[in-house]
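1. Return atomic coordinates for the entry below.
(4 chains)
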Protein chains: 2
Amino acid sequence: MISVASPSRQRADAARWHTASQVLAQVHRQPGITRALLAQRLQLTSGMATEITARLRDLRLLAEAPAPVQGRGRPTTVLRPHPEGPVVLAADLRQEDWRCAVAAIDGQLHDLQVRQHGSREPTAVLAAVRRGVEQGRARYGRRLRAVSLAVAGTVHNHHLVQASTLGWGPVDLSVVTDGGQLPFLLGNDATLAGVAEARTGAATTATTALHLIVEVGVGGTVTVDGRPMTGAHGAAGEYGHLPFGDRTRRCPCGARGCWDLDVDGRALARHLDEPPPADPRRYTRQILARVNDNPRAQQAVSAVAAALGAGVAGLVNLHDPDVVTLGGIGAPLRSAAAASFDTAYADGLMAFHRTQPPPVVDAAHGDKGALYGAAIVGLDHVTSEGALAQWAADLRQEQL
Amino acid sequence: MISVASPSRQRADAARWHTASQVLAQVHRQPGITRALLAQRLQLTSGMATEITARLRDLRLLAEAPAPVQGRGRPTTVLRPHPEGPVVLAADLRQEDWRCAVAAIDGQLHDLQVRQHGSREPTAVLAAVRRGVEQGRARYGRRLRAVSLAVAGTVHNHHLVQASTLGWGPVDLSVVTDGGQLPFLLGNDATLAGVAEARTGAATTATTALHLIVEVGVGGTVTVDGRPMTGAHGAAGEYGHLPFGDRTRRCPCGARGCWDLDVDGRALARHLDEPPPADPRRYTRQILARVNDNPRAQQAVSAVAAALGAGVAGLVNLHDPDVVTLGGIGAPLRSAAAASFDTAYADGLMAFHRTQPPPVVDAAHGDKGALYGAAIVGLDHVTSEGALAQWAADLRQEQL
DNA sequence: CTAATATGCTCGTGAGGCGAGGATAAGGGA
DNA sequence: TCCCTTATCCTCGCCTCACGAGCATATTAG
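-> The predicted structure follows:
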């Protein structure tokens, strides 16, 4: 008999999974959290904690292990992912390589693989990623509940519309999911790196955080309570295409005066009267390496750091974040010309921000930020109320 | 005996008021909604609808009236604010006047008053507003549950830090609440106008909306599902202080190259080689009035409209909104030089946005947007779960 | 006047959270 | 070694509240 999804039934289901979802979110936020601490956090009575953990254990979502003793009193247990529990596959499609990993509900990455592109053709790259997904599916079977992909390009309505560093135009990336059975989540790499910083990185204490990442151009995101502002079609965060720069310069994106053109390797080359570099990132690192014994390089780096600082200040005026995290070559760029950056930053702030300007700190996740972020978003999906209900239903069916 | 707020009790209370809060939010969103439609929307069974409306009637939160018949079937009722229900006082502190009104939970404004400033001194203005609050308190007594104030200045940590159009520095505005008994909500006027557009204005269908208002400078906000991005300290939305302009110009805010300086009356005066106007808004309207028979005015307006369009394009790149709403003199400014605006807008968009650029529409609420927004925010507070519990407790005490 | 339609109301049922009380597992001190 | 203290876990009866079936009610269409 088919059970019709009546209004009331839906509500009851939602209520049933709500606490479970919250518990798993806590386990994700703080891997190795004890059951007692969890009960405090969520204001559960000990009876409820017993009931919920038992339920989640039966559902193969959590496992318990004795916690290391830390004083008097009955020892508690630590909550860990169940060895047969759900996992997500996270992948990050970058210019120079791609990487994938599997994450259980505590957010730890396993089976991390970094692979060079054989060819940069979309079909070849996507076939390789798809093989990675198929490997994950072979190894984890039904435990694999979602594929979450970070991509170094602009995402619009769940499609990649442009990845200039890869030289790609519009591409349907969902082909990596092996027949479309698995939920597929797609995000911009800078956005996802910002999520990772906000949730497990350098901005965990912030409610509103701004993450900016300089690679070829500038990307980033604002997160509020760990959730990114993705805009109407998921394309928000194109900070590099704010017209902070010279309006006479046209950007490859089609617009004019983009900030992008002032803060990456292309800008450095312009200041040094050199032709635009083929690989702006490597070029930037080369210039940064010789800053100390080359005054012209120092000057160029200072100019770029100042452009970065001034833009960051404008964005602080705009978003009023608790903290700004800098990723990619943004961090070394700032370090190499800290005074220029700081001056431009302070000078661009509205007066009332200057007494306590938001700190600008280096990102904590390095070049794995997007991968961590993809895992986080994937796990958010898997631990959502609806997906938990689905997991439970699948488990029941499997056990018949 | 004092009842200790145990974890369990808190959870039960929260659950009890959750549905009530949702119902009131629907009544607010769509005044005059019928009980039957509401039950559909919230997926309530008719039994639950009966129970909830009865409860809210007893709590003096809702009243029911026969609905106009619209076909077969038993007629339903429309849900209206209870004649003895809670209200909020909304006020808007502007450069040239201040206004206040009272709103019941359907969001309709009553007792709207517009008053000129006698003096612009903070103490005088705030005393006048405070008298308005006292009048509201005298008239509505305990029904008055919150005061929500919009102010044409920068708000930081619930304080006004600067209101350059009023010539004010840091001022504690909470003195208007008559002893601090009433909850006091403070917001930037452009932010609140954006909330009003998103909830009841020209952006009701959008999930992500960008509202920009040009008066003296540019303010605005991004709203997601009707909630504004306020930042860590409530100071977000200072769009005018993004460095879209000439870096050699210093802005009164302390920063350089602010967009502000390119899109208001000061910019028009600069283009016309006239001194900065004392009242940039009136000046702008004067210029706009003579656009048709004055080529130089037309040229200046075109330049300013282009600066506006280019900036809007950058912000669309950044935020990826469904729609952009223009308030203040932004709307007539665009109309007066539509071609310039459109060209600059299209030219500043990233290529993939150009196939379906977000529409730029005039704001629906005119110069009452901030007042409506303040009312909305106040009502959101009053219909929050905690405030409803408080209202019920007060009512019980009153009836003893 | 009757059938059709749409909505409101009553009430028995049941799931699940609540909390008190007791059980359990450690450390600390005499 | 024993017992007390501390901290946590578990059991179980209670009770609230949403659910939904069934019926009542109020209107229109024909």
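
2. Can you classify the residue nearest to residue A:114 when sequence neighbours are not counted by secondary structure?
-> Leaving out its chain neighbours, the residue that sits closest to residue A:114 by CB to CB, 6 or more residues apart in numbering or on different chains is residue A:99, at 4.6 Å. Every C-beta, even on glycine, is put in place using the N, C-alpha and C of the backbone. Here residue A:99 is strand, with the state taken from DSSP: H, G, I helix; E, B strand; the rest coil.

3. Within its local environment, how many residues does residue A:99 see?
-> 22 (other CB atoms under 10 Å in any protein chain shown).

4. isn't it right next to residue A:115, touching?
-> Yes. Using CB atoms under 8 Å, residue A:99 is in contact with residue A:115, at 7.0 Å.

5. Now do the helices in the stretch 1-150 of chain A.
-> For the stretch 1-150 of chain A, applying DSSP state H, counting those that start in this stretch gives helices covering A:7-29, A:35-41, A:46-58, A:122-140.

6. how about the third one as PDB, C-alpha atoms only?
-> What follows is helix A:46-58 as a C-alpha-only set of coordinates in PDB (Å, rounded to 0.1, in the frame of the first residue of the first chain):
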ATOM      1  CA  SER A  46      19.500  12.900  29.700                       C
ATOM      2  CA  GLY A  47      16.600  10.700  28.900                       C
ATOM      3  CA  MET A  48      16.200  12.300  25.500                       C
ATOM      4  CA  ALA A  49      19.900  11.900  24.900                       C
ATOM      5  CA  THR A  50      19.700   8.200  25.600                       C
ATOM      6  CA  GLU A  51      16.700   7.800  23.300                       C
ATOM      7  CA  ILE A  52      18.200   9.800  20.400                       C
ATOM      8  CA  THR A  53      21.600   8.200  20.500                       C
ATOM      9  CA  ALA A  54      20.000   4.800  20.600                       C
ATOM     10  CA  ARG A  55      17.900   5.700  17.600                       C
ATOM     11  CA  LEU A  56      20.800   7.100  15.600                       C
ATOM     12  CA  ARG A  57      22.900   4.100  16.500                       C
ATOM     13  CA  ASP A  58      20.200   1.800  15.100                       C
END
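
7. per-residue confidence averaged over that helix?
-> Per-residue pLDDT over helix A:46-58 has a mean of 92.

8. quick check, that helix touching DNA strand C?
-> Yes. Shown here: helix A:46-58 in contact with DNA strand C (CB under 7 Å from any atom of the strand) through A:46-48, A:51.

9. Kindly report the same for the shortest one.
-> No. Counting by CB under 7 Å from any atom of the strand, DNA strand C is not contacted by helix A:35-41; separation bottoms out at 10.4 Å.

10. re the thing from before, among the helices of the stretch 1-150 of chain A, which is nearest DNA strand D?
-> Closest approach to DNA strand D among these is made by helix A:7-29 (1.6 Å; CB to the nearest atom of the strand).

11. Looks like residue A:231 contacts residue B:208 (just checking).
-> Yes. Counting by CB under 8 Å, residue B:208 is a contact partner of residue A:231 at 5.2 Å.

12. Overlap in contacts, those two.
-> B:319-321 (CB atoms under 8 Å, 6 or more residues apart in numbering or on different chains).

13. Spatially nearest residue to residue A:117, not counting backbone neighbours?
-> Distance criterion CB to CB, 6+ apart; nearest residue to residue A:117, sequence neighbours excluded, is residue A:125 at 5.8 Å.

14. show me where the stretch 201-350 of chain A has strands.
-> Taking DSSP state E, counting those that start in this stretch to define them, one finds strands in the stretch 201-350 of chain A at A:208-215, A:217-224, A:227-228, A:323-328.

15. Can you check which of those strands gets nearest to residue A:190?
-> Across the strands of the stretch 201-350 of chain A, residue A:190 has its closest neighbour in strand A:217-224 (2.9 Å, CB to CB).

16. List the buried residues in that closest one.
-> A:217-224 (16 or more other CB atoms under 10 Å in any protein chain shown).

17. so which of those residues also contact chain B?
-> Among the buried residues of strand A:217-224, the residues lying close to chain B (CB under 8 Å from any CB of the partner chain) are A:222, A:224.

18. wait, doesn't residue A:187 sit right on residue A:372?
-> No. Using CB under 8 Å, residue A:187 is not in contact with residue A:372; the gap is 11.9 Å.

19. and the one residue in the stretch 301-400 of chain A that gets nearest to DNA strand D, how many neighbours does it have?
-> Nearest residue of the stretch 301-400 of chain A to DNA strand D: residue A:385, at 14.1 Å (CB to the nearest atom of the strand). Residue A:385: 17 surrounding residues under other CB under 10 Å.

20. Over to the one 3 residues further on?
-> When neighbours are counted by other CB under 10 Å, residue A:388 registers 22.

21. partners of the closest residue to residue A:198 other than its chain neighbours in the sheet?
-> For residue A:198, ignoring the flanking residues on the chain, the nearest one in space by CB to CB, 6+ apart is residue A:223 at 4.0 Å. Per DSSP bridges, the residues bridged to residue A:223 are residue A:209, residue A:228.

22. Correct me if wrong: residue A:69 contacts residue A:75.
-> Yes. Counting by CB under 8 Å, residue A:75 is a contact partner of residue A:69 at 5.1 Å.
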